[in-house]
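1. Got a sequence here, can you build the structure:
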Amino acid sequence: MTKDLKIQFQEDNQRGRFFADLGEGHQAEMTFVRNNNQMIVDHTRVPKEFEGQGIAAKLVIAGVEFARQNKRKIVPVCSYVVMQFKRHKDWADVLAA
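-> Model (predicted):
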């Protein structure tokens, strides 16, 4: 399931999200608030029946790649994203100081 997962991006004014359609009306998402060049990641959600498949991690990776390509910094507020940044020291280039 997660191998072919298509992560999409949506941003309006100061709010945005990375999301994936999981079928049958289910979506996983990571949301953020934009403050200039910062993305304050405030929430990650994967429906219970899809947990444990690495979907949340793929959302965070998509956010990190987007931040790199668009010269943005990430402020992790969501506990899951905070944990991922602690595990991935190689993401320090997009971590807001």
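
2. So residue 39 sits against residue 72, correct?
-> Yes: contact criterion Cβ atoms under 8 Å: residue 39 and residue 72 qualify, at 5.4 Å. In this view, the C-beta of every residue, glycine as well, is placed from N, C-alpha and C.

3. neighbour-wise, which of these two wins?
-> Neighbour totals were compared for residue 39 and residue 72, and residue 39 leads with 26 against 18 (other Cβ atoms under 10 Å).

4. I'd like to know how far the closest residue to that one other than its chain neighbours sits from residue 19.
-> With sequence-adjacent residues excluded and distances taken as Cβ to Cβ, 6 or more residues apart in numbering, residue 39 is closest to residue 32, at 4.3 Å. Distance of residue 32 to residue 19, given as Cβ to Cβ, to the nearest Å: 12 Å.

5. between those two, which one's more packed in?
-> Between residue 32 and residue 19, counting by other Cβ under 10 Å, residue 32 is the more crowded of the two (27 against 19).

6. Let me know the secondary structure of the more buried one.
-> strand (DSSP: H, G, I helix; E, B strand; the rest coil).

7. let's number from 13 now, not from 1
-> Happy to do that; since the first residue is 13 now, the last one works out to residue 44.
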